[in-house]
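> Output the structure for:
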Amino acid sequence: MPAVSVIIPVYNSAKYLRECLDSVVAQTFSDWEMIAVDDGSVDDSPAILDEYAARDFRIKVIHKVNGGVSAARNDGLDAASGEYVLFADSDDLLLVNALDVLYKKISGENADIVFGDHLSFQGNDGPEKDRRYIFFNKPFVASDRETIVQIQQTVLYRGFSPYFSERSGYLLATPWAKLFRRQLIVEYGIKFPLSISLFEDGIFVLQVLQHSNRVCYVQEPICRYRVLSTSLCHAHEISPIEVYKAISKEVLLFIETNGADQLMNAYQSRFLYYAKKQAGQLFSSSLSFWKKYRNLKLLLNDPFYKPFVANVPSMRLVGTEKVFGILAYRRLYLILAVILWRRRG
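Numbering: from 1, shown residues only. Purely as a prediction, here's the structure:
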């Protein structure tokens with residue numbers, strides 16, 4: 001049994017796939033297997049995967065009909081045999097010591113999950129343009145339920161962090177840059193939900209944390225996250241409100257199923273964040289200012305978003321969400337519209 005299973009969902013990723021695969025093969029930690037799931041790609045990705053599998057016995061390839069990233073990750077989990085599991089996206093790169101850092105920490109602490117940081121870069125930019133994100137302001141090991149719940153809250157919204165970092169970003173919900181104990185995932189039947197295509201990874205991480213007894217964090221970058229305009233998290237920035245309603249349903253189902261009422265404020269904060277995203281997208285459109293202003297009022301008074309705006313005083317909003325939330329709560333729509341107008345582009 002390998003120590004680590006690296007699961008990589010692949011869909012039409014030929015342009016960057018070799019870089020991703022090479023970053024795994026080059027790891028200083030060698031006791032791994034790779035489960036690469038070709039999710040019905042129609043470019044050269046299947047051939048590239050088969051080429052690498054022929055060269056390295058540790059690489060296993062699954063070819064399947066396209067079913068989306070959640071189904072691909074679930075298939076990878078079913079095929080994995082490692083003690084621990086790491087997810088990677090097919091256009092990202094692991095740093096050369098990523099598995100070494102994560103494995104030493106999670107095994108040394110006998111933890112169920114270890115979080116790491118990441119670097120972010122645009123398209124084909126080189127390392128000199130990387131931007132560092134730091135999720136928490138210090139390394140930690142937590143086995144008390146209160147702190148683990150706070151980390152769950154942070155997955156929903158960063159303002160609830162027990163160790164807040166101004167440089168945390170919004171990607172703690174992603175499955176990459178983390179190592180998970182596979183037996184815990186198997187024992188509790190944890191899967192990525194198929195009903196949503198945004199924040200499905202957050203639901204997965206929330207589930208793992210729900211059943212974790214020990215959680216730790218290393219303040220070291222684990223991967224280089226490539227920002228592409230075609231990636232799912234960016235493509236969905238223009239999604240209709242129904243997308244966010246579906247996410248809300250899944251988060252509430254998790255909260256209700258697990259009796260996790262302490263996550264409600266963080267849940268509401270996340271959906272105020274989504275309202276801000278939709279408002280930002282609105283003001284990046286070609287509509288006139290006054291049309292955008294009227295649509296902004298409609299958005300914030302929509303029956304879906306209105307309860308979140310009403311609960312702004314109970315939220316731990318930070319950064320631009322704090323300004324957005326206060327102005328929306330006070331119905332200062334014109335001031336908010338002017339701010340969004342000036343930030344557009």
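
> mind listing what the closest residue to Asp261 other than its chain neighbours touches?
Distances taken as C-beta to C-beta, 6 or more residues apart in numbering place Ile255 nearest to Asp261, at 6.7 Å, with adjacent residues excluded. Every residue, glycine included, has its C-beta placed from N, CA and C. Neighbouring residues of Ile255 by C-beta atoms under 8 Å, 6 or more residues apart in numbering: 261, 263-264, 267.

> Tell me the buried residues in the host helix or strand of Ile255?
Here Ile255 sits within helix 241-257, counting by DSSP states H and E. Under the neighbour-count criterion of 16 or more other C-beta atoms under 10 Å, helix 241-257 has 243-244, 246-248, 250-251, 254-255 buried.

> cool, stretch 278-296 as well?
Neighbour-count burial for stretch 278-296 [16+ other C-beta under 10 Å]: 278-279, 282-283, 292-293, 295-296.

> From the residues you listed, which land in strands?
Among the buried residues of stretch 278-296, none falls in strands (DSSP state E).

> secondary structure class for Phe115?
Following DSSP: H, G, I helix; E, B strand; the rest coil, we place Phe115 in the strand state.

> Please give the element, helix or strand, for the closest residue to it other than its chain neighbours.
Distance criterion C-beta to C-beta, 6+ apart; nearest residue to Phe115, sequence neighbours excluded, is Tyr217 at 4.4 Å. Taking DSSP H and E as the definition, one finds Tyr217 inside strand 215-227.

> what pairs with that strand, and is each one parallel or antiparallel?
Note on strand 215-227: by DSSP bridges, its sheet partners are strand 93-94 (antiparallel), strand 113-122 (parallel), strand 140-142 (antiparallel).

> any idea how far it is from the chain center?
Taking C-alpha atoms, centre = their mean, to the nearest Å, one finds strand 215-227 lying 12 Å from the centre of the chain it belongs to.

> Please apply the same query to stretch 299-310.
25 Å.

> Show residues contacting that stretch.
So stretch 299-310 is contacted by 241, 244-245, 248, 268, 271-272, 275, 278-279, 282, 325, 328-329, 333 (C-beta under 8 Å, 6+ apart).

> In helices, which of the residues you listed fall?
241, 244-245, 248, 268, 271-272, 275, 278-279, 282, 325, 328-329, 333 (DSSP state H).

> Could you check how sure the model is about the helix holding Ile255, as an average pLDDT?
Mean per-residue pLDDT for helix 241-257: 96.

> Mind exporting the C-alpha coordinates of it to CSV?
What follows is helix 241-257, C-alpha atoms only, in CSV (Å, rounded to 0.1, in the frame of the first residue of the first chain):
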residue,chain,number,x,y,z
ILE,A,241,-28.8,33.0,-8.8
GLU,A,242,-30.1,29.4,-9.2
VAL,A,243,-26.5,28.2,-8.9
TYR,A,244,-26.1,29.8,-5.5
LYS,A,245,-29.5,28.5,-4.4
ALA,A,246,-28.4,25.0,-5.1
ILE,A,247,-25.2,25.5,-3.1
SER,A,248,-27.3,26.9,-0.3
LYS,A,249,-29.4,23.8,-0.3
GLU,A,250,-26.4,21.5,0.0
VAL,A,251,-24.8,23.6,2.8
LEU,A,252,-28.1,23.7,4.8
LEU,A,253,-28.4,19.9,4.3
PHE,A,254,-25.0,19.4,5.7
ILE,A,255,-25.8,21.7,8.7
GLU,A,256,-29.1,20.0,9.4
THR,A,257,-27.8,16.4,9.0
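
> Now do the contacts for the nearest residue to Phe199 once chain neighbours are set aside.
Excluding its sequence neighbours, the residue lying closest to Phe199 (C-beta to C-beta, 6+ apart) is Ile247, at 4.8 Å. For Ile247, the contact set (C-beta under 8 Å, 6+ apart) comprises 196, 198-199, 274.

> repeat that with 10 Å
193, 195-200, 202-203, 236, 239, 270-271, 274 (C-beta atoms under 10 Å, 6 or more residues apart in numbering).

> Among those, name the ones in strands.
Using DSSP E, none of the contacts of Ile247 sit in strands.

> List buried residues within those.
193, 196-200, 202-203, 236, 239, 270-271, 274.

> can the residues you listed go into CSV with extra columns for distance to Pro46?
Listed next are the buried ones among the contacts of Ile247 as CSV, based on distance: C-beta to C-beta, whole Å:
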residue, distance to Pro46
Pro193, 26
Ile196, 27
Ser197, 22
Leu198, 26
Phe199, 29
Glu200, 24
Gly202, 29
Ile203, 29
His236, 26
Ser239, 29
Arg270, 36
Phe271, 38
Tyr274, 35
